[in-house]
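Asker: just the structure for this:
(2 chains)
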Amino acid sequence: MSTAIDDNVIHGEWHVRYNYSVGKVAGQFFDGLKQKRILASHCAASGIAYLPPRAYCERAFEPCDGWVEAGHQGVIEAATIVTAQFEHLPPPPYAIAYVRLDNVSTALVNFVRGMELSDVPAAAARLKPGTKVKVVFKDTPEGRITDFHYELA
Amino acid sequence: MDVFVIGQAVHMPAARIGEKRLEELVFDTAHAALADAGVRRGQIDHVTIAGCDELDGRSISSMLLAAPAGAQLRDEMKCTDSGLTGLCLEAMRLESGIFELGLLVSWSKPSTAPLEDVMRMRCEPFYTRPIGLNMAITDALFAQAVGEKYGFDEFDADEAVLEAYRRADRNPRGIGHGVPAMEDIALSPYLAAPLRREHQAPITDGAVAMVLASAEWLKRNPNARALAQVAGIGWRNEQYDLGSDRLAGLTGFRATLDDALMMAGLKNAAGLDLLELESQTGFHELAFRAALNGNAPKDISTSGGAFAQNPYFCTGLVNAAEAVLQLSNNAGPIQIPRIKRAAAHGSHGFAQQGNVAVVLERV
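Answerer: Residues are numbered from 1 along each chain as shown, chains lettered A, B, ... in the order given. As a prediction, the model looks like this:
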């Protein structure tokens, strides 16, 4: 931790490296992304297909016991256009949306690209809940959530 | 519940309480609450503290802050969800019959660090952190979802903010933001559409402490005065992922309030005289009111709520303190005549994943 005293304030910053265990379920999801496949975990007891995949069903409180492949199209459940510059976040403007892809029960957040964002209210009106979007993968996926983004269908 | 508030203190809020380090803020508030109750620390048989290490900027807040909260060598419990959750835990400790006299202390000094950078840490590392969420962004998602479901837009949110500032302006315990012009709200820049900067309640520093006692302790100490009785408590955590049902359903808010109201013997919120909501934006104020389904009390957020002061994390406990002031006829110029029952609401997490409610009654 670095410190310095200035104007009756001690400044501090932490730089800590974490190593998060991915686990089997998320690992399979990220492996799927490398093949441009989006895999959702499925709970037979509740019938819920989770994306992002969960090892367990939040409702049935049983282990998820299967996989389904999400379609590459879906509908927006919630969206926003970020117009402020926040520390450690991308330069604005950019759009993000929670999208429920075909064949799954829950919504997954990602960037929405390929839109003109200079007129914010007009762009926001094009991102209303229920709007259809498609998944667009990058040419060489690396097994990261940012391997794909959404575009208006 | 046989649980009574017998003293409390709310530290004077400020955008930045720069003249005190955190421990001094906590000590001053805890000490003032004990003085208000007319009891000494030596009489207290337990302490409940509610603090947020992320906002404090130190991961040792229990170790360093237990002492200024009066908890040295006392039975102590720490809560990290919210200040109002701390009041629920404190009430349960007294209701258990194991304890009789407790001190609850909660604080927040968000001016210590860029709030949104701290909020970003609430992203889990696999799916949301690479995209980047924070309080403003998730509140914007909430705003879009509830607007779509309940049929209100950003102009309605402008009005809700203006009304909140008008109520806050009458509250002498608020920070004194003043009442902005409508165009200052409506034309403020978007942070994340449809949320504009002035739709947000400004964040402040602050602290709250309460002394609570059991009915048995009050019987043995007839000179102590009960300011209000805790009649019901409730809380819920919803799912983390922000789909439309999670955002617009307000399921956690409703269930939380229902639990607290049922414990207090009330059918719905219309049985209250006052509900102090934690509305972090104008959209929240509109959404929570809509979720009451027409069963609203006559007075809502008379204090101005988060628009009066907003020490994020203990804003809900400030609401409880305002309710106690009302029920003990100590609310000054915003006193509601003949008030008998009031509830405080608090929330925490991205787009209010957690909700907490406490119903209080006049003694």
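Asker: CA atoms for contacts and neighbours, from now on please.
Answerer: Fine.
Asker: around A:M115, how many other residues sit close by?
Answerer: Residues near A:M115, counting by other CA atoms under 10 Å in any protein chain shown, number 12.
Asker: which residues sit in contact with it?
Answerer: When the contact criterion is CA atoms under 8 Å, 6 or more residues apart in numbering or on different chains, the partners of A:M115 are A:A123, A:E151.
Asker: what sits up against stretch B:82-96?
Answerer: Counting contacts by CA under 8 Å, 6+ apart, the residues outside stretch B:82-96 that touch it are B:1-3, B:48-52, B:78-79, B:99-102, B:104-107, B:212-214, B:230, B:233-235, B:313-317, B:320, B:345-348, B:356-358.
Asker: which residue is nearest the middle of the chain?
Answerer: Using chain A. A:V109 (3.1 Å; CA atoms, centre = their mean).
Asker: let's do chain B instead
Answerer: When chain B is reduced to its mean C-alpha position, the closest residue under CA atoms, centre = their mean turns out to be B:G316, at 0.6 Å.
Asker: run the chain-centre distance for stretch A:78-87.
Answerer: Centroid displacement of stretch A:78-87 relative to its chain, using CA atoms, centre = their mean, to the nearest Å, is 14 Å.
Asker: rewinding a little: among the contacts of stretch B:82-96, which are in helices?
Answerer: Within the contacts of stretch B:82-96, membership in helices is found for B:T315, B:G316, B:L317, B:A320, as judged by DSSP state H.
Asker: which of the contacts of stretch B:82-96 fall within strands?
Answerer: Applying DSSP state E to the contacts of stretch B:82-96, the entries found in strands are B:3, B:48-50, B:78-79, B:101-102, B:104-107, B:212-214, B:230, B:233-235, B:345-348, B:356-358.
Asker: thinking again about what came up before, list the residues that contact the residue nearest to the centre of chain B.
Answerer: Taking CA under 8 Å, 6+ apart as the contact definition, B:G316 lies against B:S82, B:G83, B:L84, B:L277, B:E278, B:A344, B:H345, B:G346, B:S347.
Asker: what is the burial count for the closest residue to B:D259 other than its chain neighbours?
Answerer: Once its chain neighbours are removed from consideration, B:D259 has its nearest residue in B:G234; the separation is 5.1 Å (CA to CA, 6 or more residues apart in numbering or on different chains). Burial of B:G234 is recorded as 22 neighbouring residues (other CA under 10 Å).
Asker: so B:G234 sits right up against B:L257, yeah?
Answerer: Yes: applying CA atoms under 8 Å, one finds B:G234 in contact with B:L257, separated by 6.5 Å.
Asker: any common contacting residues for those two?
Answerer: B:V356, B:A357.
Asker: per-residue pLDDT, the residue lying farthest from the centre of chain B?
Answerer: Largest separation from the mean C-alpha position in chain B: B:R220, at 31.5 Å (CA atoms, centre = their mean). For B:R220, the pLDDT comes out at 97.
Asker: measure it to chain A for me?
Answerer: From B:R220 across to chain A, the span is 47 Å (CA to the nearest CA, to the nearest Å).
Asker: run through the residues that contact that residue.
Answerer: Contact criterion CA under 8 Å, 6+ apart gives no residues in contact with B:R220.
Asker: one more: B:H46?
Answerer: By CA under 8 Å, 6+ apart, the contact list for B:H46 reads B:A71, B:R74, B:D75, B:E76, B:F99, B:L101, B:G102, B:L103.
Asker: again with B:R225
Answerer: By CA under 8 Å, 6+ apart, B:R225 lies in contact with B:I6, B:A37.
Asker: Three-state assignment for it, please.
Answerer: On the three-state scheme (DSSP: H, G, I helix; E, B strand; the rest coil), B:R225 is labelled coil.
Asker: burial of the nearest residue in space to B:V146 that is not next to it in sequence, as a residue count?
Answerer: Using CA to CA, 6+ apart and skipping the chain neighbours, the partner closest in space to B:V146 is B:A248 (4.8 Å). Residues lying near B:A248 (other CA under 10 Å) number 22.
Asker: now the one 10 residues further on
Answerer: Residues lying near B:D258 (other CA under 10 Å) number 21.
Asker: what about it, which SS state?
Answerer: Going by three-state DSSP, the secondary structure assigned to B:D258 is helix.
Asker: would you check that it makes contact with B:N268?
Answerer: Yes: B:D258 lies in contact with B:N268 (CA under 8 Å); the separation is 6.8 Å.
Asker: torsion angles phi and psi at residue 112?
Answerer: As the question left the chain open, I've gone with chain A. Backbone torsions for A:V112, taken as degrees, to the nearest 10, come to phi -110, psi 120.
Asker: actually, chain B is the one I wanted.
Answerer: Here the main-chain torsion angles of B:T112 (degrees, to the nearest 10) amount to phi -60, psi -30.
Asker: that one and A:G32, how far apart?
Answerer: If you measure B:T112 against A:G32 using CA to CA, to the nearest Å, the figure is 42 Å.
Asker: which helix or strand contains B:I185?
Answerer: Assessed by DSSP states H and E, B:I185 sits inside helix B:182-186.
Asker: any idea how far that helix is from the middle of the chain?
Answerer: Centre to centre, stretch against its chain (CA atoms, centre = their mean), the figure for helix B:182-186 is 26 Å.
Asker: in its sheet, what does the following helix or strand past it sit against?
Answerer: From helix B:182-186 onward toward the C-terminus, using DSSP H and E, the following helix or strand is strand B:190-193. According to DSSP bridges, strand B:190-193 forms sheet pairs with strand A:73-82 (antiparallel), strand B:195-196 (antiparallel).
Asker: excluding sequence neighbours, find me the nearest residue to the residue nearest to the centre of chain B.
Answerer: If the residues on either side of it in the chain are set aside, B:G316 comes closest to B:G346, at 3.9 Å by CA to CA, 6+ apart.
Asker: then B:G252?
Answerer: Closest residue to B:G252 apart from its sequence neighbours, by CA to CA, 6+ apart: B:R236 at 5.4 Å.
Asker: please apply the same query to B:G178.
Answerer: Of all residues apart from its sequence neighbours, B:D169 sits closest to B:G178 (CA to CA, 6+ apart), at 5.9 Å.
Asker: tell me how far the residue in the stretch 51-200 of chain B that chain A sits nearest to lies from A:Y150.
Answerer: Here the stretch 51-200 of chain B gets closest to chain A at one residue, B:A192, 4.1 Å apart by CA to the nearest CA. From B:A192 over to A:Y150 the distance is 18 Å, taken as CA to CA.
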